[in-house]
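Undergrad: Okay, predicted coordinates and the sequence, questions at the end:
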Amino acid sequence: MPVEITILAWGMILLLVHIFAATHVKTKQYGAKWNMGARDEHLPPLNPLAGRLARAEANYKESLPIAIVALIGVVLADKTSEWTAMGGWIWLGARIVYLPLYAVGVPVVRTIIFLAGLVGILITLWPLLGL
């Protein structure tokens, strides 16, 4: 199995971590009844940690489709290489580091890590551009 598929599988585990981390902190703020209910009621704003985790989750969900296309695309196009694997690992490693940095509110470094992940996924995506 190509390593890019393994990277993608770990990326899905990271998606679950994002979802459960954000939901856990929201549930601590709003209560179990909110978590198990229809969530129709108007609620006060999220506390800072819950807000940061929700934004980190949204950010991950925005960039994840690009990673999916890149990682599956190089496999389907038979364009995998040590470069596409390296790019995928850079993306995944950066996204793993990004979550706790965002959660604790670290500025600047968090953005640099985000950009490192973007570079990693661009490395993986590059062979699909046919240039």
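TA: It's in. Numbering: from 1, shown residues only.
Undergrad: Does the lowest-mean-pLDDT helix or strand in the chain pack against any helices or strands, and if so which?
TA: In the chain, no helix or strand scores lower on mean pLDDT, DSSP states H and E than helix 32-36, which sits at a mean of 90. Packed against helix 32-36, as judged by 3 or more C-beta pairs under 8 Å, 6 or more residues apart in numbering; DSSP states H and E, are the following elements: helix 3-30. Using the backbone N, CA and C atoms, a C-beta is placed for each residue, glycine as well.
Undergrad: Buried residues in the helix it packs on, which are they?
TA: For helix 3-30, burial by neighbour count (16 or more other C-beta atoms under 10 Å) applies to 3-4, 7-8, 10-11, 14, 18, 21-22, 25-26, 30.
Undergrad: In those, find the pair that's most separated.
TA: Spatial extent of the buried residues of helix 3-30 (C-beta to C-beta) is set by the pair V3 and Y30 at 40.3 Å.
Undergrad: tell me which of the buried residues of helix 3-30 is nearest to V74?
TA: E4 (5.9 Å).
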